[in-house]
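Student: Give me coordinates for this.
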Amino acid sequence: MAEVIVVRDPAEAGAFVAAHIAEQVRSRPEFTLGVATGSTPLPVYEALRAEADRGTDFTRMSAFALDEYVGLPAGHPESYRAVVDREVTEPLGLDPARVHVPDGSAEGIRTAGERYEAALQEHGGVDLQLLGIGRTGHLGFNEPGSSFGSLTRVKTLTERTRIDNARFFASLDDVPVHCVTQGLGTILRARHLVLLAFGESKAEALAAAVEGPVSASMPGSAIQLHPRVTVVVDEGAASQLRFADYYRWAQDHKPEWQGI
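Tutor: Modelled structure (predicted):
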């Protein structure tokens, strides 16, 4: 069972997760963070900036992004390369050469997945992977039906995901149909998974991922196969968890030395 931490709001979640990441970086400056995009991880990135202001040096940290849209022009503000640069690389002073994002260019698309897998393997993998969960249950852009053994590859986005992401674009027509995403098998190789979810709109998918059957129809349920998972949620996202009372009890009585 994943460790589930219920907090008041996204800001508290961001501070909680960022404090753990900062502690890891202070112990091992060449820590590797798996970065996610969308609105869910933004409180973590904001709190990491506060940790940097307080003196944590992130400049030797490496980062690998979960995914990238296919076909957006170079420099497009909603490409995940641009988002990661804007939210992580520049504010934390990371060396851009240490920040990796899948190649979503049309020219390199046939080999984008294989090249990204090779880069991850050569680097030695990810120490902590940040994750959100979509309303379809997707992790990264692994939509329902994705294999738990899948590796980085090109995927077609569901219309539900495109509609959800249209808020970042001028119109739905501007949202790409394809992406390059780490596979569920790739994600499961990270040494620690931290899944964040906020708001009642995520409650159903979260409950299915954490407490439901392990099924390719619910990609988020893949986290149940990982030996070290921390799920950090607010009250809204936790509202459909059957064992919420136990999670709170365990949270209140956890030995401090265990960390997350």
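
Student: And the contacts of the helix or strand in which Gln121 is found?
Tutor: If you go by DSSP states H and E, Gln121 is part of helix 112-123. With contacts defined as C-beta atoms under 8 Å, 6 or more residues apart in numbering, helix 112-123 is touched by 32, 62, 64, 100, 102-104, 108, 126, 151-154, 180, 182, 186, 189. Placement of C-beta: from N, CA and C, glycine included.

Student: Any of the residues you listed buried? List them.
Tutor: Restricting the contacts of helix 112-123 to buried positions leaves 32, 62, 64, 100, 102-104, 126, 151-154, 180, 182, 186, 189, with burial counted as 16 or more other C-beta atoms under 10 Å.

Student: Mind checking which of those residues land in helices?
Tutor: Those of the buried ones among the contacts of helix 112-123 mapping onto helices are Thr186, per DSSP state H.

Student: Return the member of the buried ones among the contacts of helix 112-123 nearest to Lys254.
Tutor: The nearest member of these to Lys254, counting by C-beta to C-beta, is Val126 at 24.5 Å.

Student: isn't the closest one right up against Ala36?
Tutor: No: look at Val126 against Ala36 with C-beta atoms under 8 Å: they stay out of range, at 11.4 Å.

Student: residues in contact with Ser217?
Tutor: Ser217 sits next to Gly137, Pro144, Gly145 when contact means C-beta under 8 Å, 6+ apart.

Student: Buried among those? Make that a ChimeraX selection.
Tutor: Filtering these down to the buried ones (16+ other C-beta under 10 Å) takes a single ChimeraX command:
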select :137,144
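
Student: before we move on, back to that, show me which of the buried ones among the contacts of helix 112-123 is closest to Ala22.
Tutor: Taking the buried ones among the contacts of helix 112-123 together and measuring to Ala22 by C-beta to C-beta, the closest member is Thr32, at 14.5 Å.

Student: My read is that the closest one contacts Gln129, right?
Tutor: No: counting by C-beta under 8 Å, no contact exists between Thr32 and Gln129, whose distance comes to 9.4 Å.

Student: how many neighbours does Thr59 have?
Tutor: For Thr59, the count of nearby residues is 12 (other C-beta atoms under 10 Å).

Student: Could you tell me how far the nearest residue to it once chain neighbours are set aside is located from Arg81?
Tutor: Nearest residue to Thr59, sequence neighbours excluded (C-beta to C-beta, 6 or more residues apart in numbering): Gly93, at 4.8 Å. Per C-beta to C-beta, to the nearest Å, Gly93 is found 18 Å from Arg81.

Student: next one: Leu92
Tutor: Distance of Leu92 to Arg81, computed by C-beta to C-beta: 16 Å.

Student: got it, and Ala170?
Tutor: According to C-beta to C-beta, Ala170 and Arg81 sit 19 Å apart.
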